[in-house]
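[1] Mind folding the following:
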Amino acid sequence: MLRRTSVSGLIFDIGNYLFLAAMALVTLLPFVHIAAGSFATAEEVLGSKFLLFPKTFSLEAYRFIFSEPTLLRSIGATAWITIAGTAINMAMTALMAYPLSRNIKGKRPIMALIVFTLLFSGGMIPSFFVVKGLGLLNMYWALWLPVAINPFYLIILINFFRQLPIDYEESAKMDGGSDPYILWKIIIPLSLPAMATFSLFYAVTHWNTFFNAIIYINDSAKWPIQVLLRQIVIMSSGGIGDVSYSTEAQYVVPPQTIKMAVIVVATLPIIAVYPFLQKYFAQGMLLGSVKG
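    Residues are numbered from 1 along each chain as shown. Take a look at the predicted model:
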């Protein structure tokens with residue numbers, strides 16, 4: 001059966017599509033400009049204020065940044081921070097969400113403390129002294145442990161676990177299954193949409209870690225890619241991180257092109273992961289926030 005649409009409704013739909021397309025284009029243009037600038041020649045970058053498509057493709061910026069070990073080392077450090085940090089986040093969040101989704105003793109005061117952390121925090125200086133007192137300075141644990149559990153994600157995951165059918169859990173307990181067994185074999189497989197969604201959120205947070213890395217990581221060999229990008233912006237006329245280059249190299253590969261190439265390299269991996277989790281993304285967000 002065909003749906004009848006009035007003229008005013010059709011005009012509204014067309015206008016809505018055009019508006020959304022314009023907003024998407026405005027959002028996309030900066031990324032196109034950065035990507036185009038990273039592949040452009042030095043003359044084009046220096047002679048154009050806003051470049052959308054290079055006339056001559058050049059890979060000099062990418063050859064230059066990959067010719068030094070600094071960038072590859074930072075990418076490796078960021079990958080390790082992201083993978084290990086996301087695993088810690090999901091393990092800690094799931095282990096805390098599962099018992100709190102059931103009727104356990106002391107549940108109400110624990111939930112009150114969790115909600116309290118959404119409104120108040122110790123602040124930067126107390127957090128630094130705690131990390132320093134634990135001997136975690138210049139260690140990746142300083143980037144993992146203080147943010148091991150996001151209270152907002154935890155509350156949503158608790159609500160998600162509450163919605164799961166209790167029949168499977170009761171059957172497993174009658175067969176002698178322990179709580180860790182039930183969590184790993186029943187709850188987690190039934191919660192893949194939510195787990196995938198929060199894994200993506202945690203991974204993006206770790207990949208873009210910047211401020212905590214500046215505070216806690218002083219060794220340049222352990223810098224993640226975002227801190228290296230900051231160094232490139234600050235020291236673009238002198239070098240990449242702890243690597244310097246000559247005036248002749250600056251002319252062949254201008255600092256603007258180097259910045260754009262590093263931004264592309266830093267952004268592309270996390271964008272490439274999203275399509276694999278997209279099918280779980282919307283489902284996990286909707287199911288995890290239905291009930292209170």
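[2] Report how many residues lie close to Thr257.
    Neighbour count of Thr257, defined by other C-beta atoms under 10 Å: 25. For the C-beta atoms, the positions are set from N, CA and C on the backbone; glycine is no exception.
[3] Actually, Pro193.
    20.
[4] ditto for the one 5 residues further on
    By the criterion of other C-beta under 10 Å, Phe198 has 27 neighbours.
[5] which of the residues in the strand or helix carrying it are buried?
    Here Phe198, judged by DSSP states H and E, is contained in helix 192-207. Judged by neighbour count using 16 or more other C-beta atoms under 10 Å, the buried positions of helix 192-207 are 193-204, 206-207.
[6] pLDDT check: weakest of the residues you listed?
    Lowest pLDDT within those is found at Pro193 (83).
[7] Give me the distance from the helix holding Phe198 to the chain's centre.
    In this view, helix 192-207 has its centroid 8 Å away from the chain centroid, taken as C-alpha atoms, centre = their mean, to the nearest Å.
[8] Report the backbone C-alpha coordinates of it in CSV.
    Presented in CSV, the C-alpha positions along helix 192-207 are these (Å, rounded to 0.1, in the frame of the first residue of the first chain):
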residue,chain,number,x,y,z
LEU,A,192,27.1,-8.2,23.2
PRO,A,193,25.3,-5.0,21.9
ALA,A,194,26.0,-3.1,25.2
MET,A,195,29.5,-4.5,25.6
ALA,A,196,30.4,-3.5,22.0
THR,A,197,29.0,-0.1,22.5
PHE,A,198,30.8,0.7,25.7
SER,A,199,34.0,-0.9,24.3
LEU,A,200,33.9,1.6,21.5
PHE,A,201,33.3,4.5,23.9
TYR,A,202,36.2,3.4,26.2
ALA,A,203,38.5,2.8,23.2
VAL,A,204,37.8,6.3,21.7
THR,A,205,38.6,7.8,25.1
HIS,A,206,41.9,6.0,25.4
TRP,A,207,42.9,6.6,21.8
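[9] List the buried residues for whichever helix or strand comes after that helix?
    Sequence-wise, the next helix or strand downstream of helix 192-207 (DSSP H and E) is helix 211-216. Buried residues in helix 211-216, counted by 16+ other C-beta under 10 Å: Asn212, Ala213, Tyr216.
[10] want to try CSV for the buried residues of helix 192-207, with distance to Lys222 as columns?
    Shown next, in CSV, are the buried residues of helix 192-207 (distance: C-beta to C-beta, whole Å):
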residue, distance to Lys222
Pro193, 34
Ala194, 32
Met195, 29
Ala196, 29
Thr197, 29
Phe198, 26
Ser199, 24
Leu200, 25
Phe201, 24
Tyr202, 20
Ala203, 19
Val204, 20
His206, 14
Trp207, 15
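[11] Of all the residues in stretch 55-73, which ones are buried?
    In stretch 55-73, counting by 16+ other C-beta under 10 Å, buried: Ser58, Glu60, Ala61, Tyr62, Phe64, Ile65, Glu68, Thr70, Leu71, Arg73.
[12] Among the residues you listed, which are located in helices?
    Within those, residues falling in helices by DSSP state H are Glu60, Ala61, Tyr62, Phe64, Ile65, Thr70, Leu71, Arg73.
[13] Please enumerate the strands of the stretch 151-292 of the chain.
    Ranges of strands within the stretch 151-292 of the chain are 239-240, 243-244, based on DSSP state E, counting those that start in this stretch.
[14] State the distance from Ser101 to Ile188.
    To Ile188, Ser101 is 13 Å away according to C-beta to C-beta, to the nearest Å.
[15] now swap in Asn138 and tell me
    According to C-beta to C-beta, Asn138 stands 34 Å off from Ile188.
[16] Looking at those two, which is more packed in?
    The neighbour count for Asn138 versus Ile188, taken as other C-beta under 10 Å, is higher for Ile188 (15 against 11).
[17] which ones are touching that one?
    The contact partners of Ile188, by C-beta atoms under 8 Å, 6 or more residues apart in numbering, come to Ala94, Met195.
[18] Just the buried residues of stretch 12-21, please?
    So for stretch 12-21, nothing qualifies as buried (16+ other C-beta under 10 Å).
[19] try stretch 24-43
    Going by 16+ other C-beta under 10 Å, stretch 24-43 has these buried residues: His33, Ile34, Ala35, Ala36, Gly37, Ser38, Phe39, Ala40, Thr41, Ala42.
[20] JSON lines please, covering those residues and showing secondary structure and distance to Gly177.
    Formatted as JSON lines, these follow (DSSP: H, G, I helix; E, B strand; the rest coil; distance: C-beta to C-beta, whole Å):
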{"residue": "His33", "secondary structure": "helix", "distance to Gly177": "56"}
{"residue": "Ile34", "secondary structure": "helix", "distance to Gly177": "52"}
{"residue": "Ala35", "secondary structure": "helix", "distance to Gly177": "51"}
{"residue": "Ala36", "secondary structure": "helix", "distance to Gly177": "56"}
{"residue": "Gly37", "secondary structure": "helix", "distance to Gly177": "57"}
{"residue": "Ser38", "secondary structure": "helix", "distance to Gly177": "53"}
{"residue": "Phe39", "secondary structure": "helix", "distance to Gly177": "56"}
{"residue": "Ala40", "secondary structure": "coil", "distance to Gly177": "60"}
{"residue": "Thr41", "secondary structure": "coil", "distance to Gly177": "64"}
{"residue": "Ala42", "secondary structure": "helix", "distance to Gly177": "65"}
